[in-house]
Each structure stands twice: as structure tokens, then as C-alpha cells.
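1. No letters, just coordinates:
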């Protein structure tokens, strides 16, 4: 008779194979990373530029990023897009606080043509007035739509409070940003942070040496004279802020503070604490606020990283009348981690779960490349993940409690509600 | 070529095995042949609510998630108008935990009142978060009943209204389980670095004893042919006017299905597509426009949607829109334009096939359609599509008398 009540025996994950992409120096400060081991025709390249939000006033960084394919003296935006799309390429671009990233997905046979098109488009973008006005009008409409979302309102206000001590990091888009755009400012930003702002090139795909050398030689001119620097410290404004939104049926909540990134000695252990609290389906917050009380469809926590700092954040959307009750429960879960040891079986579960996630993060050339880039950003190498496995296997409930006491102080948190 | 093996247990469970030697992970994907189209009109949203209840503990196992997480895995599920699909991804050497969990909840659920009460609330919050508290979030709740008059596609998977979820009872839940959740109504796919014999033995061990259940025979009311243009205007607190033109198209197994998919790409996949070039870049009437198909198993939709620029009226746009469609129907796309569209389709296909989870889900979907071998014929079907085919389906699908238009009008105070 089959025993259906007992879980089948488990096998531990003892080893994960981490593979680094090959590094080529484009210049002393800029590298190209190539992951060659791809078993099919797919390819991707990413261009990283030092052209994040923190480099420009208002929405400058976001505008320039969105206008990169808007046309040159010799080519219209339509021609550029048709060259890329016609070769079956998918173009994505976006910015974060400190970076601008362009990503292109395509088949191997077309990657060089698409790269050449994009290089020419970025290098020679002319910021043609008609294109700029059209772009701003589209973006403004999108911005107005976002302002209707409590989630966006909360995230925007949270960013202002989180990066409170540094204006370059805390400033967010305003409606007025769309009115006061000067084409010369766009050009100046582009010339400083794109034409001389390349920080890294990442290539995934079974490509030959000649192709890689082509990417390298074509990238040299974008490389800066020196390595860019980023802030080392920043402080959040602690306390509660509410953004009123009429007729909202849900309220969005953000709770968090400035913390650290992979370079900090508490990082790996804090990651375990973060997972227990809110970073998996069975987390404390999900069990309490979703599965026990039904206040929300989802709640989660994260540890996000910048070049030299990081931040911790809780995010959720709950029924409009439940925001105080939810904040009370979040605080309750912070306190519980500070005052009670995590039970052994819960810790074991989280350890195994996190190992499984790491195995998944290293599965396949694309995932593996992203895993590598997330340590390279902090000047670390793949040895970091072996340390992570060790840390994960050896963490204690007491250590988690210590970290909770050290970092989960409710009075230090920036708290934002919108709704 | 996607390789697979297929076998059936005595109780009727269809099992697919896809071998992948390159990954340390395994996927266990379970498709239940039940979706929102199988609900009765006074109890909508039930297939989806039920999906949530499947995580509330089964007959022998109190909690679904914890043992899987302990095995280093994770899981999720989704419900569509056609199917309900559950998947687990975990380290391959712990696959037995997933089979233990999935087979137990196929055997029977725990049916606790607490789980029903909490998941009702969670789904109500999901309803609010995704459909009520988002600008344009309720569009599909409005569009479906405009387009479908009799077929159950007329309601969305989340349900017609919150009260249907609020009123769900335990006896509804049990009856639904009995009717739809059994080996006879399920397709299981296992993917990972295993041997076929090993998979057969494991599946037999965990699923072999589950009673077959009764094969559910679907007998849905067929949607009558639409013969008139329909239009509905709703006013909402949104900043921009939006339009949704929905054209009826044939079912998933119709020989023109992929041709119409390609037609939607030609019209509005990206910034090189016809409608983007004419209605946005040339005439500057819209901020965005795109075209796509719903891809449903029964008669589906080709939808063209977008948002108007400030100061452009619905009427101005509407005239230009139909002119553009007429032009498209008269002048077939060129071979080189078609080639570009096909390049994009090839790229997506190649990337889509990379993920082991995608492959497992796709295999189950094709098996459900009745002929799994179609999965390896898709590329060839696309390759054989000609510019004339596109023109032919454009003429048959893009007719005003088969079209329903939903306009979302911005309230003045928001604009």
C-alpha cells in the first residue's frame, strides 16, 4: 500500500555548476562578456550605459533612453525600426537609478546586422523635433494613466522618501517635465552619457570570434576615459506618508529603508531573513496577510541593489479599508522575527527552497549570464555563489534574529500608502 | 523537432514525457480540461476560484506548498476560458515530491471551510487589483458580453461579478471537483533528464490507483454568426480615450488559424506594422495601436486596440481606421513584408522553445487539441503562408459586420 501521508525522501543539492562568460577588455574600463555555450540559434546582446536616472534632472534620462531609435540625419525612426523588426529582432530599453540598458534578442544569423543598425541609431540620433514632440505626447499620456494606479503612486512617493537625502536619486517625474524639454538638453545628456558612457557589453549566443571582435571594435568609441563613480551613502526619510487617491478600491503600501548590496558582510544572511519574511509563496507575510486573512492577492519583500548601496522593501496592494490593519500585521511580523527564533523546520524549508532557486537561476546560458552580471556589478566573481551555498547551509536561527534586531526597526522605515 | 513520448494509464490519465538532458530541473505540468467556458452562467469565476482551492490542502497532505519548497521547488497555476494549468518546477532528483503532491490533489482535496473562506477573499482582492482598480482594467469584462451573445466566452475567467464568488458554497466546490478533476479529464507532462521507463514507473506508482472519474463531454452552445456591427461606449475615470475593435475569427483547429495570427502581426505587432505606420506615424491619430488574437480553442477574436491622441475624436479615427483596413484588403502585402513578419515569428518561436516549462505546457495544450503531433508542424504551417493567403483572410475576417467596438471614453475631469 502506497504511503500517501509521508513525503518521499529528499536529496540535497550539493553542487551547482556556475559558468562564467568569457571577458574581453574593450578598453581598460569597459568589458565585453560573451556566453558562447548556447545550444540553439538564439542570441542576445545588452549594452549598458552610465545613463541612469541619477545622471539627469527631471525625466531627462528616461526621455533620452526612449528616444534612442527616433532617427538620425540619414534615417527615419521608421527605417530604423523596420531594419530591426524586419530581421526578426526584439528591442528593449529601460533605465534604473544608475543604469540605462539596451537589450536585443534575435536569431544568430541577424545579430550583426541588428547590432550595426542600433549602433548607428544610438551614435547619430538627431533628436528631430517632430519625433521628440510625438514621443513626449505619448509618454505624457502614459504618465497620466500611471497616475491612476495606486501602485504607481505609492512606488513613486516611496522612491522620494527612500532616496530622500540625495536629490539626484529621489526626484521623480512630474507633469511639468513634459512641458519644459529643450532639445539641446537632450543632446547634451546623450553626448555625455551615451557617446562616452558605455559601461559594459553582454553577448549571449553561439557566435564566432570574428563577430565578437566586430562588437568590440565598434564599441570602443563609446567607452569613457575613466570609470564612472556612484554614491556610497544615502539615507531614507523615516516615517509615514499617505497619497490620497479618490475612489480607489485598493490601497498600495510600501515599507522599506536603505540597506546594502552583495559587498556587505550581512548580505547573504539577510537574504535568508528576507525570504522568510516575504520572498516566497510560503513566507510569513504571505501566510499571514494573504493565506490567513485574505487581505490581499499578494505581498512580497525584496532586497534591491545599486552599485554601492541597496534597499529593502515590502510591497502590497490591499482592500481600501485594510491598510492600517495590514501595516499592523507587517510590523507584527518584523517584531516576531526580532523576538522569536525561527523554528528549525521553517528554516530548513527556506534553505532548501533558496538552494532550489539558485539552481534555477543558474539553469541555461541566459539565466547563468544574468547571474554572473549580478555579481560582476559589484566587482565580485562566481565564487560568491559558492559562498552563498555555504552561508545558506550554515545559517542559524540566532543569526537571523540578530539581523532582524539590527535591520528591521520599524522607526527607521519609510512607509508610504496610496489609496 | 520537439521529442516526446506519450502513454496512457488504465484509469485514462494521458501522460507525456519530454526528455531534456541539459537541465538539472524537472517540470511536472498538469492540465485539467476545464476552463471558465465550462461554468454555468449563474456561477461564473468558479474554475478560477477552484484553482486557488487546489492549494488549500489535499486528502492526505495538509499543505501543498511547503513540501514542494522543502524539495527546492516552486509552483504556480493559471486559469483561462479554456483550461486550468498547474505546474511545479524543482530539482530533478526530487521529482517524486511533485508527483506525490499532484497525485494526491487529483485523488481528492481536503475541502476545508477555512480554505474556501480565505480563497474567496483572496480572489475578491485579485478581482479588485487586476480588474477594478486599474485604468482600463474592466475592458474585457465589458467587451466579452458585447462580442459573445450565447457562448460562455461572454464572461471573463475572473467571473461576471463579485457576488458569484462571494456566494460559492462548499457543495459547489465538491461537485466541481467531481465533474472535472480526475484522470479522465487531465493531461500530465513530465520534463527533465529521466529515462522513459523510470517515468512510467513513477507515474504508475503515484497515479495508477486514482479512480478514473467520468470523462466530461462538453456540449457548449455555439455562438450564432455575427451579422451586424456592434458598438458600446463606456465612460471611465481614465486620461485617454481608448478603442477595442474585436473581429470574430475561427477556432483554434481551423486551417486559417495561423494565417490570421500572421495577419494580426502584419497589422499591429510592432513599430513596423501597417496600422502603426499609417494611423500613428503618418496621420498621428493615436498614441499606441496594436493587433493580436485571443488564441482561444473555440471561435476566437482578432483585436485591434489602442489609445487616441488628445484632441482626436473617435469618429475621425474610425474613418481613417476603416479606410486603412480597406486599403489593406485591396493591396496584398508584399513578399518582402511577409518575410520580415516571418523573421519575427521565427525568433519568438526559437526563444519560446528554450524554456523547459514552456515546452511542457505546450505539449499538454497540443495533446488537448487532439493531435499532439501538430506541435512539430507549426513552423511548416507558418512557412507555407503566402501574401495571397493573408489577403484572403483579411477579406474574410476584417468585415464590419463581424466586428464589435468598445470605446472607453475619458471623463472630462480626468483628462
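-> On my side now, so go ahead. Note that the structure is predicted; figures quoted are calculated from it, not measured.
2. Where does pLDDT dip in the stretch 301-415 of chain B?
-> B:413-415 (pLDDT under 70).
3. try chain B
-> Applying pLDDT under 70 to chain B picks out residues B:413-415.
4. So which residue is smack in the middle of it?
-> Centre of chain B computed as the mean C-alpha position; nearest residue by C-alpha atoms, centre = their mean is residue B:80, 4.9 Å away.
5. Spatially nearest residue to it, not counting backbone neighbours?
-> Ranked by C-beta to C-beta, 6 or more residues apart in numbering or on different chains and with sequence neighbours excluded, the top spatial neighbour of residue B:80 is residue B:35, at 5.4 Å. C-beta here means a position set from N, CA and C on the backbone, and glycine is covered the same way.
6. Please apply the same query to residue B:77.
-> Leaving aside its sequence neighbours, residue B:77 is closest to residue B:86 (4.3 Å, by C-beta to C-beta, 6+ apart).
7. Now do the SS call for the one you found.
-> The local conformation at residue B:86, judged by DSSP: H, G, I helix; E, B strand; the rest coil, is strand.
8. Just the closest residue of the stretch 151-300 of chain B to chain A, please.
-> Using C-beta to the nearest C-beta, the single residue of the stretch 151-300 of chain B nearest to chain A is residue B:239, 3.6 Å away.
9. residues from the stretch 151-300 of chain A in reach of chain B?
-> Proximity of the stretch 151-300 of chain A to chain B (C-beta under 8 Å from any C-beta of the partner chain) is limited to residues A:247-250, A:280-282, A:290-297.
10. who wins for most neighbours among the residues you listed?
-> Neighbours here are counted as other C-beta atoms under 10 Å in any protein chain shown. On that basis the top member of these is residue A:250, with 26 neighbours.
11. Correct me if wrong: it contacts residue A:317.
-> Yes. The pair residue A:250 and residue A:317 passes the contact test of C-beta atoms under 8 Å, sitting 4.8 Å apart.
12. element containing residue A:184, please.
-> Here residue A:184 sits within helix A:183-193, counting by DSSP states H and E.
13. by contact count, what packs against that helix?
-> The helices and strands touching helix A:183-193, judged by 3 or more C-beta pairs under 8 Å, 6 or more residues apart in numbering or on different chains; DSSP states H and E, are helix A:60-66, helix A:129-146.
14. From the contact counts, what lies against the first one?
-> Helices and strands in packing contact with helix A:60-66 are listed as strand A:90-95, strand A:100-107, helix A:129-146, helix A:183-193; criterion 3+ C-beta pairs under 8 Å, 6+ apart.
15. tell me the most buried of those?
-> Each of these was assessed for mean neighbour count using mean count of other C-beta atoms under 10 Å in any protein chain shown. The highest is strand A:100-107, with a mean of 22.
16. Would you state the strands of the stretch 101-250 of chain A in chain order?
-> For the stretch 101-250 of chain A, the strands identified by DSSP state E, counting those that start in this stretch occupy A:198-204, A:239-243, A:250-259, in order along the chain.
17. how many neighbours does residue A:40 have?
-> If we define neighbours as other C-beta under 10 Å, then residue A:40 has 14 of them.
18. tell me which element it is part of?
-> Per DSSP H and E: residue A:40 is located in neither a helix nor a strand.
19. where along the stretch 201-350 of chain B do the strands fall?
-> Using DSSP E, counting those that start in this stretch, strands in the stretch 201-350 of chain B cover B:230-236, B:242-249, B:286-293, B:300-308.
20. Adding distance to chain A and mean neighbour count, write those out as JSON lines.
-> Compiled in JSON lines, those are given as follows (distance: least, C-beta to the nearest C-beta, whole Å; neighbours: other C-beta atoms under 10 Å in any protein chain shown):
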{"stretch": "strand B:230-236", "distance to chain A": "9", "mean neighbour count": "14"}
{"stretch": "strand B:242-249", "distance to chain A": "10", "mean neighbour count": "23"}
{"stretch": "strand B:286-293", "distance to chain A": "4", "mean neighbour count": "20"}
{"stretch": "strand B:300-308", "distance to chain A": "7", "mean neighbour count": "23"}
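21. Out of those strands, which is closest to residue B:105?
-> In this view, these are compared for proximity to residue B:105 by C-beta to C-beta, and strand B:300-308 is the closest at 30.5 Å.
22. related to what we said a few turns ago, so the residue of the stretch 151-300 of chain B closest to chain A makes contact with residue A:148?
-> Yes. At 6.9 Å, residue B:239 and residue A:148 qualify as touching, with contact defined as C-beta under 8 Å.
23. Can you tell me which residue of the stretch 101-250 of chain A sits closest to chain B?
-> At 3.6 Å from chain B, residue A:144 is the closest residue in the stretch 101-250 of chain A, using C-beta to the nearest C-beta.
24. closest one to residue B:400 among the helices and strands packed on helix A:60-66?
-> helix A:129-146 (27.7 Å).
25. Can you list the helices and strands that the closest one packs against?
-> Contacts of helix A:129-146 with other secondary structure elements, assessed using 3+ C-beta pairs under 8 Å, 6+ apart, are made with helix A:60-66, helix A:183-193, strand B:286-293.
26. how about those in TSV, adding distance to residue A:136?
-> As requested, the helices and strands packed on helix A:129-146 are exported to TSV (distance: least, C-beta to C-beta, whole Å):
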stretch	distance to residue A:136
helix A:60-66	7
helix A:183-193	10
strand B:286-293	11
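27. Which one of those lies nearest to residue B:9?
-> Distances from residue B:9 to each of the helices and strands packed on helix A:129-146 were compared by C-beta to C-beta, and the smallest falls on strand B:286-293, at 34.8 Å.
28. Adjacent strands (with direction) for that closest one?
-> For strand B:286-293, the paired strands and their directions (DSSP bridges) read strand B:300-308 (antiparallel).
29. Run a quick neighbour tally on residue B:325.
-> The burial count for residue B:325: 21, using other C-beta under 10 Å.
30. That one and residue B:395 touch, don't they?
-> No. Under the criterion of C-beta under 8 Å, residue B:325 is not in contact with residue B:395, lying 10.1 Å apart.
31. circling back to that earlier point, now tabulate the helices and strands packed on helix A:60-66 in a markdown table and tack on mean pLDDT.
-> Supplementary listing: the helices and strands packed on helix A:60-66 in a markdown table, determined by pLDDT from 0 to 100:
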| stretch | mean pLDDT |
| --- | --- |
| strand A:90-95 | 97 |
| strand A:100-107 | 98 |
| helix A:129-146 | 96 |
| helix A:183-193 | 97 |
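32. mind giving me TSV with the ones you listed and columns for distance to residue B:409?
-> Listed next are the helices and strands packed on helix A:60-66 as TSV, based on distance: least, C-beta to C-beta, whole Å:
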stretch	distance to residue B:409
strand A:90-95	32
strand A:100-107	37
helix A:129-146	15
helix A:183-193	34
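33. Ok, which of these comes nearest residue B:110?
-> Nearest of those (C-beta to C-beta): helix A:129-146, 41.9 Å.
34. How far away from the center of its chain is that closest one?
-> Here the centre of mass of C-alpha atoms in helix A:129-146, compared against the chain's by C-alpha atoms, centre = their mean, to the nearest Å, lies 24 Å away.
35. do the same with stretch B:33-40
-> On the basis of C-alpha atoms, centre = their mean, stretch B:33-40 sits 13 Å off its chain's mean C-alpha point.
36. Could you do stretch B:135-153 as well?
-> The gap between where stretch B:135-153 is centred and where its chain is centred comes out at 15 Å by C-alpha atoms, centre = their mean.
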